[in-house]
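Colleague: 3D model of this:
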Amino acid sequence: MRINRHAARGGFFIRYPVEGELLEALDEGRLRIGEGTLLEPGCWLTLAPEAQIEIGAGCFLNRNTMLAAHERIEIGDHTMFANGCFVGDADHRFDDPDTPVTWQGFSSKGPIEIGSNCWFGVNCVVTSGVTIGARCVIGANSVVTKDLPPSTIAAGAPATVIKAIEFRP
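Modeller: You can find the predicted model right below:
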């Protein structure tokens, strides 16, 4: 289903239901979605009050993909996320033994940058402070905790580079 009130901002598509602060963040300019991008049902975008998410053109966020921004998440053009992926630029704190975990707030290693033309398999996780180069493929159930160079295939928990992508001439 297309959200008509935001079509003029870029012509992206959202199939309901979606969760989180999506409409509020669009209205406030803290969420930018590129033309032709599709969010499937169950996607959840949540942003801290000053956080920003930028999703490029032609991206595909499959069912139950979640983006959780404490500071900033940037996704390049034509990047695909399979079902159940999670991209979050902060972690819940748990290091104070005198304070309930739910009250401890968050810690972050920095924003997340994902290049264009990347493909994430089912149930991938991307953690804070990570930069993933353009044209990477991330295997299903992988947890990306460190930067990945462009044009590589990575998998595992934590994800490690398996090999460089060999492009056809």
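
Colleague: pLDDT-wise, which helix or strand of this protein ranks last?
Modeller: Ranked by mean pLDDT, DSSP states H and E, the weakest helix or strand in the chain is helix 4-7, scoring a mean of 38.

Colleague: The residue sitting furthest away from the middle of the chain in helix, strand or coil?
Modeller: In the chain, the greatest distance from the average C-alpha position (CA atoms, centre = their mean) is reached by Asp98, at 32.7 Å. Put simply, Asp98 is coil when judged by DSSP: H, G, I helix; E, B strand; the rest coil.

Colleague: Which pLDDT value goes with it?
Modeller: Asp98 is assigned a predicted lDDT (pLDDT) of 97.

Colleague: And the next helix or strand past the least confident helix or strand of the chain?
Modeller: The helix or strand immediately downstream of helix 4-7 is strand 13-14, counting by DSSP states H and E.

Colleague: tell me the mean pLDDT over that next one?
Modeller: 88.

Colleague: on contacts alone, who are the packing partners of it?
Modeller: Counting contacts by 3 or more CB pairs under 8 Å, 6 or more residues apart in numbering; DSSP states H and E, strand 13-14 is packed against strand 38-39. To be clear about C-beta, it is placed using only N, CA and C from the backbone, and glycine gets the same treatment.

Colleague: at 10 Å instead, please
Modeller: Packed against strand 13-14 by the contact rule (3 or more CB pairs under 10 Å, 6 or more residues apart in numbering; DSSP states H and E) you find helix 22-28, strand 38-39.

Colleague: which one of those is the most hemmed in?
Modeller: Comparing those on average neighbours per residue, with mean count of other CB atoms under 10 Å, the densest one is strand 38-39 at a mean of 21.

Colleague: Mind listing the strands the next helix or strand after that one pairs with, and their directions?
Modeller: Remark: after strand 38-39, the chain's next helix or strand is strand 44-47, criterion DSSP H and E. Strand pairing for strand 44-47, determined by DSSP bridges: strand 19-20 (parallel), strand 66-69 (parallel).

Colleague: Just say which of those is most tucked in.
Modeller: Among these, strand 66-69 has the highest mean neighbour count (mean count of other CB under 10 Å), at a mean of 24.

Colleague: Any chance you could list what contacts that one?
Modeller: 19-22, 25, 30-31, 39, 42-48, 50-55, 61, 73, 75, 81, 84-90, 106, 108, 111-112, 125-126, 128 (CB atoms under 10 Å, 6 or more residues apart in numbering).
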